[in-house]
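>>> With the sequence up front, the predicted model follows.
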Amino acid sequence: MINTKLSVAIHILTLIATNPHDPVTSESIAKSVNTNPVVIRRLSGQLKQAGLISSQAGKPGFTLLKAPGQITILTVYQALQTKGDLFLIHPDPNPNCWVGKNIQSVLETTYKRAQDALEQELAQQTLANIIKQLTSH
């Protein structure tokens with residue numbers, strides 16, 4: 001399920017991308033997001049693992065590893081997903097009930113189409129698009 005992790009991760013990447021000469025630390029990001037630095041460190045760990053950012057021991061701040069135009073929002077979304085499905089279907093409906101017996105197969109098709117549409121839209125948006133929109137406000 002989508003929660004605020006995606007928007008916070010985009011916030012993190014945007015701050016790093018727009019401050020290439022100043023160290024953007026988990027503490028400074030946390031102040032901008034208005035959350036605990038631990039939350040930022042956890043998400044930045046996932047972004048590091050996805051090859052989007054890096055940091056060096058003994059040197060404060062993060063570095064963007066790709067140009068903002070090369071980072072799609074889908075890539076960020078995928079970096080944070082622990083499970084591929086946006087929509088989860090409850091796992092053990094009653095097989096003796098006509099709804100319980102059929103609900104999973106009926107919902108799978110609808111949920112798959114919705115997931116595909118979301119991913120297609122996210123693939124078309126880049127971090128550069130987000131930065132451009134932010135700077136025009």
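That came through fine. Numbers count the residues shown, from 1 in each chain.
>>> which secondary structure elements does the lengthiest helix in the chain contact?
Looking across the chain with DSSP state H, the single longest helix is helix 98-124. Helices and strands touching helix 98-124, by 3 or more CB pairs under 8 Å, 6 or more residues apart in numbering; DSSP states H and E, are helix 73-80. (Each C-beta comes from the backbone N, C-alpha and C, glycine too.)
>>> and the angle from the helix it packs on to helix 98-124?
Here helix 73-80 points in a direction 120 degrees away from that of helix 98-124 (axes from the mean of the first three to the mean of the last three CA atoms, to 10 degrees).
>>> ok, then the element right after whichever strand or helix holds Arg42?
Secondary structure assignment for Arg42, by DSSP states H and E: helix 37-49. Per DSSP H and E, the first helix or strand lying C-terminal to helix 37-49 is strand 53-56.
>>> Show me what that following strand is in contact with.
Contacts with strand 53-56, where a contact means CB atoms under 8 Å, 6 or more residues apart in numbering, come from 12-13, 16, 44, 47-48, 61-65.
>>> got the phi/psi numbers for the residue of the chain most remote from its centre?
Residue farthest from the centre of the chain, counting by CA atoms, centre = their mean, is Asn96 at 39.0 Å. Per-residue torsions, Asn96: phi -90, psi -10 (degrees, to the nearest 10).
>>> who's in contact with it?
Asn96 neighbours (CB under 8 Å, 6+ apart): none.
>>> what about it, distance to Asn102?
Counting by CB to CB, to the nearest Å, the gap from Asn96 to Asn102 is 12 Å.
>>> Find residues that contact each of those two.
Counting by CB under 8 Å, 6+ apart, nothing touches both Asn96 and Asn102.
>>> Name the residues of the longest helix of the chain that come out as buried.
Residues of helix 98-124 classed as buried by neighbour count (16 or more other CB atoms under 10 Å): 111, 119, 122.
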